[in-house]
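>>> Here's my sequence, what's the structure:
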Amino acid sequence: MGKEFTIPRDTEEKIRKELASRTDAEAARMKRYLDMPDLSREPESPLHEIVEKARSFPILKDFDNVIIPEIVPADVSFDLFDFAPDHPARSKSDTYYADEKNILRTHDTVMWYYYMNLPEIKERVAKKESFGVVCYGKVYRKDEIDRRHMNIFHQFGGLYMTPEDKEKLTIEDLKSALSQIVQGLFGADVKFRFNKDTFPYTDPSLEVEVEINGQWIEILGGGMPKASVMKNFAVEGYNGWAFGFGLERLAIIGMELPDIRLLWSTDERVKKQLKLGQKFVEVSKFPPVIRDISFIVPKTFSPNDYFDLVRDVAGDLVEQVELIDQYENDAKFGADKKSYAYRVIYRSNDRTLTNEEVDVLHKDLEKKTAEEFKATVR
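Numbers count the residues shown, from 1 in each chain. Below you'll find the predicted structure:
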């Protein structure tokens, strides 16, 4: 095993205190999200099991591990990693801004910045030594609500760099590294393929798909770090490879899990089944309660912001929010307004919801939709 480095979180702690002192809904939800456990470090979680398995792979077992803050500067996360000025990730409708300059981290690749600014790593670079590092934990992105997506999830990423005059790496070296990782995760007999992909900070870039029950499913991305990005971290004359994968996706595949919310369950009947390689058997299929909501809002409305409001109101009692209609009618609504209709599927993983309690939740959702989005609920 390599060394473990923990980056100080002084700035993060200061911003957390500022969030706690604010009274707006966005601050309250960010504080709640930050307080949620990091399942990749919870020994009983299958996400932790995947992490331990990955860290034991021969290709990764001697890599360092870096633990980084969950609140990071936006310019570090985007500018230093060559995100285009108009990249959607920079938008406040895609990313949680703790303040004007700092965000809840959106990708684990930001660990490159923290790791390569460590004095010990700067010394290794000065001596022209090779190095490798992994990083894992929670990341945050505003997202839709369904059985496969959450706005809080976990990533595992790795980086290997070596001096160019010591070893000149090619796309085939990247494929070889990713092949070892995929076979380590899914077994030597797994069918997988490489597809071209695009990331701001690697070139060339690839994604890997595996065949599961006759379907091709994307499970990780990788690429060769751009020299221009590495130069931002004072690393020149090096080449290497990098990768990242989502832990939830692997857990869902490995256990045939029907709902991502189950990974957060505190129900012992659920928790005892969350073992990699063991097919999940539903404890009970509680019935859904379906309600529709339609409203007219200013065209500045962002669906991702709306999904956050739904989470605020109903928490994990919402299984899915589905857009069923949207249209504009300048004569009827005005040129600056638009109509949306959503179907909200309420379902608990633990019990049967009553119509009465869902009605209360849904009424609250209607009220807050009107308040927070200047909406006319129809």
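>>> The closest residue to residue 158 other than its chain neighbours: how many residues sit nearby?
For residue 158, ignoring the flanking residues on the chain, the nearest one in space by CB to CB, 6 or more residues apart in numbering is residue 134 at 4.6 Å. Using the backbone N, CA and C atoms, a C-beta is placed for each residue, glycine as well. For residue 134, the tally of surrounding residues (other CB atoms under 10 Å) stands at 23.
>>> and the next element down the chain from the helix or strand hosting residue 134?
Using DSSP states H and E, residue 134 maps to strand 131-140. Next helix or strand after strand 131-140 toward the C-terminus (DSSP H and E): strand 152-163.
>>> Give me the mean pLDDT for that following strand.
On average, the pLDDT along strand 152-163 is 97.
>>> Quick one: work out the angle between that strand and strand 131-140.
160 degrees (axes from the mean of the first three to the mean of the last three CA atoms, to 10 degrees).
>>> buried sites along strand 152-163?
By neighbour count on 16 or more other CB atoms under 10 Å, the buried set for strand 152-163 is 152-163.
>>> could you say what helices and strands whatever helix or strand comes next after that strand packs with?
Following strand 152-163 in sequence order, the next helix or strand is helix 171-186 (DSSP H and E). Applying 3 or more CB pairs under 8 Å, 6 or more residues apart in numbering; DSSP states H and E, we find helix 171-186 packed against helix 46-55, strand 192-199, strand 202-212, strand 215-225, strand 238-246.
>>> can we see that at 7 Å?
strand 202-212, strand 215-225, strand 238-246 (3 or more CB pairs under 7 Å, 6 or more residues apart in numbering; DSSP states H and E).
>>> Need the contact partners of the shortest one.
The reference is to strand 238-246. With CB atoms under 7 Å, 6 or more residues apart in numbering as the test, strand 238-246 has contacts from 108-109, 153-164, 168-169, 173-174, 177-178, 181, 202, 219-225, 230.
>>> rewinding a little: listing partners with orientation, what would you give for the strand holding residue 134?
strand 64-67 (parallel), strand 152-163 (antiparallel) (DSSP bridges).
>>> Could you export stretch 322-331 as PDB, CA atoms only?
Output in PDB follows, covering the C-alpha atoms of stretch 322-331 (Å, rounded to 0.1, in the frame of the first residue of the first chain):
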ATOM      1  CA  GLU A 322     -41.300  12.400 -14.600                       C
ATOM      2  CA  LEU A 323     -41.900  15.200 -17.000                       C
ATOM      3  CA  ILE A 324     -45.200  14.500 -18.800                       C
ATOM      4  CA  ASP A 325     -45.900  17.800 -20.600                       C
ATOM      5  CA  GLN A 326     -44.300  21.200 -21.300                       C
ATOM      6  CA  TYR A 327     -45.600  23.900 -23.600                       C
ATOM      7  CA  GLU A 328     -45.600  27.600 -24.300                       C
ATOM      8  CA  ASN A 329     -48.500  29.800 -25.200                       C
ATOM      9  CA  ASP A 330     -47.600  33.500 -25.400                       C
ATOM     10  CA  ALA A 331     -51.200  34.600 -25.800                       C
END
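>>> Report the buried residues of that stretch.
For stretch 322-331, the buried set under the neighbour-count rule, 16+ other CB under 10 Å, is empty.
>>> For that stretch, what is the distance to the chain centroid?
Here stretch 322-331 is found 30 Å from its chain centre; the criterion is CA atoms, centre = their mean, to the nearest Å.
>>> quick one, what contacts the closest residue to residue 64 other than its chain neighbours?
Nearest-residue entry for residue 64: residue 2, 3.8 Å, with adjacent residues in sequence omitted and distances by CB to CB, 6+ apart. Under the criterion of CB under 7 Å, 6+ apart, the contact list for residue 2 reads 62-65.
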